[in-house]
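> Here's a sequence, model it:
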Amino acid sequence: SIQYVHHKTKGRDKILQDFREGRIDVLIATTIISRGQNFPELKYLQNTASMDSNEKSIQILGRLARTHMNKKKAYLDDLQFPGHYLKRHGNHRKTYYQKENLKVIRVEG
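Numbers count the residues shown, from 1 in each chain. Got it, this is the predicted structure:
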């Protein structure tokens, strides 16, 4: 199943718990999941927020970097957007990921 959650979603704690326990396959969420949430089995995260902050990048990566015995690899899809500022923000995140020794793969669409 697929669920969407944001800061005003009624029953959001239950939705997050269901996702954590595998009853929800895909979760579309705002940045409410960037802090204070633990999803140790999370293997894929798509970041569509164009942020220009190493701290926020760390928080997003933290959702994915938790270890779990069923997880050998994890993937972050960080979308790059056109436009002067959005492109610059994406390049800053890419540089940050490279400094953290993460494998960065560029895919053109």
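> going forward, measure contacts and count neighbours with C-alpha atoms only.
Will do.
> Pull out the buried residues from the helix or strand of the chain with the lowest mean pLDDT.
Across the helices and strands of the chain, mean pLDDT, DSSP states H and E gives its lowest value to helix 54-64, namely a mean of 80. Under the neighbour-count criterion of 16 or more other C-alpha atoms under 10 Å, helix 54-64 has 57, 58, 59, 60, 61, 62, 63, 64 buried.
> how does this structure divide up, domain by domain?
Listed domain ranges for the chain are 1-33, 35-109 (source: automatic domain parsing).
> picking that back up, which strands and helices sit next to the least confident helix or strand of the chain?
Under the contact criterion of 3 or more C-alpha pairs under 8 Å, 6 or more residues apart in numbering; DSSP states H and E, helix 54-64 touches strand 44-47, strand 75-78, helix 84-99.
> Any chance of JSON lines for the ones you listed, columns mean pLDDT?
Shown next, in JSON lines, are these (pLDDT from 0 to 100):
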{"stretch": "strand 44-47", "mean pLDDT": "84"}
{"stretch": "strand 75-78", "mean pLDDT": "84"}
{"stretch": "helix 84-99", "mean pLDDT": "86"}
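> Ok, which of the ones you listed comes nearest residue 10?
Closest to residue 10 of the helices and strands packed on helix 54-64, according to C-alpha to C-alpha: strand 44-47, at 23.2 Å.
> Pull out the buried residues from the closest one.
45, 47.
> got the contact list for that strand?
Defining contact as C-alpha atoms under 8 Å, 6 or more residues apart in numbering, one finds that strand 44-47 is touched by 60, 64, 74, 75, 76, 77, 78, 79.
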